[in-house]
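Engineer: Here you go, sequence then predicted model.
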There are 2 protein chains.
Amino acid sequence: MAMLFGFLLSFQLNAQTDEDVLKTVYSTSLTNGKSYEWLDHLSNSIGGRLSGSTNAELAVQYTKRELEKLGLDKVWLQPVMVPKWVRGQKEMGYFETNGDIQKVNICALGGSVATPNGGLKAQVIEVATYKDIEQLGADKVKGKIIFINRSWEQELVNTFQAYGGCAAERYRGAAEAAKYGAVGTVVRSLSSRQDDYPHTGSMGYGDLPVEQRIPSAAISTNDAEKLSEALKKDQNLEFHFEMSCQKFDDVLSYNVIGEITGSEKPDEYIIVGGHLDSWDLGDGAHDDGAGVVQSMDVLRLLKESGVRPKRSIRVVLFMNEENGLRGGRKYAEVAKEKGEKHVFALESDAGGFTPRGFSFDCSDLMFSKIEAWKPLFKPYLIHFFEKGGSGADIGPLKNDDIVLAGLRPDSQRYFDHHHAANDTFEHVNKRELALGAATMTALVYLVDKYGTETITDEKEIKD
Amino acid sequence: MAMLFGFLLSFQLNAQTDEDVLKTVYSTSLTNGKSYEWLDHLSNSIGGRLSGSTNAELAVQYTKRELEKLGLDKVWLQPVMVPKWVRGQKEMGYFETNGDIQKVNICALGGSVATPNGGLKAQVIEVATYKDIEQLGADKVKGKIIFINRSWEQELVNTFQAYGGCAAERYRGAAEAAKYGAVGTVVRSLSSRQDDYPHTGSMGYGDLPVEQRIPSAAISTNDAEKLSEALKKDQNLEFHFEMSCQKFDDVLSYNVIGEITGSEKPDEYIIVGGHLDSWDLGDGAHDDGAGVVQSMDVLRLLKESGVRPKRSIRVVLFMNEENGLRGGRKYAEVAKEKGEKHVFALESDAGGFTPRGFSFDCSDLMFSKIEAWKPLFKPYLIHFFEKGGSGADIGPLKNDDIVLAGLRPDSQRYFDHHHAANDTFEHVNKRELALGAATMTALVYLVDKYGTETITDEKEIKD
């Protein structure tokens, strides 16, 4: 009886067209998805989840429990040592010009050292990019605070390109300024909007000796404009800022992993993931709470839609994408040690906005196979299939055989919120989030069904 | 010298490819668009602009002045008589069950009569659609408040389809209930979200005699759920609501029109528009402040991009789309009287969200001509070109020759805000709005350049 039932079920599923399956997936996600409810908890009951924090550990425990409720074949924690950096007291900054004091909104960049107790005060030199610091040279830079005021390229339609255009200012600015004797750096927030939010994000000192490291803050875009205007009138103005951030020894944390074991090729792995850690200023709803809950929902939506995957499908919630990538590296390291064959990895780490498609890191041949699936996505307004990057956490899995992909949601609003206090749950729309989860599920379903082989299955491509 | 300069300028423009022009248009809109600044004023300095209100007249004056600053060839007001309906005091509603009082969030539907002084209280009958009222019949309906609780079809990807699915409940519910002796109607808000905002919108009594008209309110989706739950436990619960809305005689208002007169075919008109009136609960930023400012920006962006149109391009800011469509009808009537040949009309009335493309109301032949332009839009992620509806205000211009089109922005968030107190400026993203204005400008540029003829210009289609 059990066998007969199994036969019938499998017959029914085979009778479903890909169009039918995608319809079920999207409709289940829109009417009965869990992403939004999970994100509400992650954002509002837990909050910002910086690596090494108690919140990060609460998020590990919460997502593990929720995955366990889904009836997956396996759920486990993968230990990984992560850096621990703590912001401390809320930062403050002001500048003083002709006896007037103008307060500004700043925050420490992640990884920065603190200012001396009582703050740091110095004259300011404005530069347009971090590369200008070398031109100025030690004579002019020594003893000063370097204000890197690189503007956002609004004309770029893809905001991630604009972000890429000024990411080095934030990451390398302080190290470069310190080389020439600066005492601190203040970096214009990497934001697409004029407002009062400072945006944090990682920075590094490279091989700079500890005693030469200088504090580095982000300043809101509105205050960057104010400071720049004031400097035009008074080159001698002084900037004061105070930050009490601190770095501690690495601590133990975890990647959270759940698996549906494959029915035909259990030793081939497809993974879907996002990162569980977030910056601490907001609640990390878009970056990357959205990617976490969508990835969890992929496995749930496959089950709810009656899909029984051939290959093993794993959800991986990576720890420490923001300031170390330790989770992504650990997952790849363990996969390599165990000789696990990973055929496909998909990351969602670009916000919970309306999905537009995917970018793929794979061979041209594989890409043309994937492109042939594009018409299946048309009813859901998914149109963007391009070769390009995938996601930071899955990057370490890269080899010649694996196909890597990144979900590409609408990018217009992402950098209004990214790494700032306004990356919060109320800025996530339930339907947009659910469409993203469905779009990921649809792609995972197709990759599992048709595989990532490009030579032996030419017939399938043409089908 | 002037002639030589004119020749050179025209030579330079001709040397520009369509790709170049679109690049200039998008980049100008993203870096130097005026839409957002205009919308800030319309939303925050003026506010909700219901037909016949002082705010609507302020909006007429403001947009006329701003158009005059653009150096167009003509700017004028087109008189039109509009209905005047006033909400009066903020509405209140509650239901009473087993001695407990539960307040609910309601608002009068536009065009509703008031409740009797002191409010209206009656037992409630819930129906799923307005068609169920007939089934119940006068016996059950008489003396009751009919609660129409039609739910939103979340599985539809295009939220306008879901809206269409329940728009008749709002518009016709009261007239239908009154026929069977109901004393009032309460309609579940037409919203894609569970929250506390009631959404207004127009309703009508058809040919129901004035003395038989009953008050009709919208109730928030959260409160609709509460009321429905409470009715399951207590069929005798009583609902109380108070509304003091009033209808006055028609008043004089205006469509606001600006024109760039065509250089080669000044007697052929291309129009682009949105509606200047809005509901009164929010500030009408998405509906349809966005369409107004984008349409104004189309003419400005053409000028800023150095495009000199062959045909006359008009921006038309229509009055009274929300509760009468008088502006749209008047514009078409005058155009007909004057024998003006309108070849193309484009409306933006679906919110200031990221544009995805257009829908077109035109012949198949013309549609295939337009589709050939699709690749030009790819860099801007504009992918949706479909046959379908256009816009309410331009509808009255329909004839066999004109091509009608509607901008189609991402629709996921629109009905979270539509006609509710949270349709406000802070929910509009500057870049999304600017991309919409650029997308409209690009289409107007192409239609002007290549025309809407489909027989005589086959060569152009193939180019």
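Structural biologist: Ah, there it is.
Engineer: Let me know whether stretch A:359-369 sits next to chain B.
Structural biologist: No - contact between stretch A:359-369 and chain B is absent, the nearest approach being 12.7 Å (criterion: Cβ under 8 Å from any Cβ of the partner chain). Backbone N, C-alpha and C define where each C-beta goes, glycine included.
Engineer: give the contact list for the closest residue to chain B within the stretch 351-463 of chain A.
Structural biologist: Proximity to chain B, evaluated over the stretch 351-463 of chain A using Cβ to the nearest Cβ, is greatest for A:His383 at 4.1 Å. A:His383 sits next to A:356-357, A:374, A:377, B:381, B:383-384 when contact means Cβ atoms under 8 Å, 6 or more residues apart in numbering or on different chains.
Engineer: Buried only: go through these for me.
Structural biologist: Listed as buried from the contacts of A:His383 are A:356-357, A:377, B:381, B:383-384; burial here means 16 or more other Cβ atoms under 10 Å in any protein chain shown.
Engineer: Among these, which ones are in strands?
Structural biologist: When these are checked against strands using DSSP state E, the ones located there are A:356-357, B:384.
Engineer: quick check, nearest of the residues you listed to B:Ile46?
Structural biologist: Closest approach to B:Ile46 among these (Cβ to Cβ): B:Phe384, at 31.7 Å.
Engineer: And A:Lys121, which helix or strand is it part of?
Structural biologist: Taking DSSP states H and E as the definition, one finds A:Lys121 inside strand A:120-127.
Engineer: Following element in sequence after that strand, please.
Structural biologist: helix A:132-141.
Engineer: SS state for the closest residue to A:Lys430 other than its chain neighbours?
Structural biologist: The shortest distance from A:Lys430 to any residue other than its chain neighbours is 4.4 Å, reached at A:Tyr36 (Cβ to Cβ, 6 or more residues apart in numbering or on different chains). A:Tyr36 carries the three-state label helix when classified by DSSP: H, G, I helix; E, B strand; the rest coil.
Engineer: what about stretch A:398-413, start to end distance?
Structural biologist: Distance between the two ends of stretch A:398-413: 29 Å, counting by Cα to Cα, to the nearest Å.
Engineer: Any buried residues in that stretch, and which?
Structural biologist: Counting neighbours by 16+ other Cβ under 10 Å, the buried set in stretch A:398-413 is A:402-413.
Engineer: rewinding a little: let's see the pLDDT reported for the residue of the stretch 351-463 of chain A closest to chain B.
Structural biologist: Looking at A:His383, its pLDDT stands at 98.
Engineer: could you pull out the helices for the stretch 301-450 of chain A?
Structural biologist: With DSSP state H, counting those that start in this stretch applied, the stretch 301-450 of chain A shows helices at A:326-337, A:364-371, A:374-377, A:414-417, A:430-450, listed in chain order.
Engineer: Kindly format the C-alpha coordinates of the third one as CSV.
Structural biologist: Output for helix A:374-377, consisting of C-alpha atoms alone and laid out as CSV, is shown next (Å, rounded to 0.1, in the frame of the first residue of the first chain):
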residue,chain,number,x,y,z
LYS,A,374,13.6,32.6,-18.3
PRO,A,375,10.2,32.4,-19.9
LEU,A,376,9.0,30.3,-16.9
PHE,A,377,9.6,33.4,-14.8
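Engineer: measure A:Gly282 to A:Leu42 for me?
Structural biologist: Look at A:Gly282 and A:Leu42: by Cβ to Cβ, to the nearest Å, they are 12 Å apart.
Engineer: cool, A:Tyr180 as well?
Structural biologist: For A:Tyr180, the distance to A:Leu42 - Cβ to Cβ - is 42 Å.
Engineer: Tell me which of these two has more neighbours.
Structural biologist: A:Leu42 (27 against 17; other Cβ atoms under 10 Å in any protein chain shown).
Engineer: In contact with that one, which residues are there?
Structural biologist: Shown in contact with A:Leu42 (Cβ under 8 Å, 6+ apart): A:49, A:59, A:62-63, A:283-285, A:289, A:292-293.
Engineer: In the stretch 51-200 of chain A, mark out all the strands, start to finish.
Structural biologist: A:74-86, A:92-97, A:100-104, A:106-108, A:120-127, A:145-148, A:184-188 (DSSP state E, counting those that start in this stretch).
Engineer: For chain B, which of these is the nearest?
Structural biologist: Distances from chain B to each of those were compared using Cβ to the nearest Cβ; the minimum, 16.9 Å, belongs to strand A:184-188.
Engineer: So what touches the closest one?
Structural biologist: Strand A:184-188 is contacted by residues A:93, A:106, A:109, A:115, A:120, A:122, A:124, A:145-151, A:166, A:169-170, A:173-174, A:177, A:214-219, A:221, A:224, A:227, A:239, A:241 when judged by Cβ under 8 Å, 6+ apart.
Engineer: what mean pLDDT does it have?
Structural biologist: Strand A:184-188 shows a mean pLDDT of 98 in the predicted model.
Engineer: Many thanks, we can stop here.
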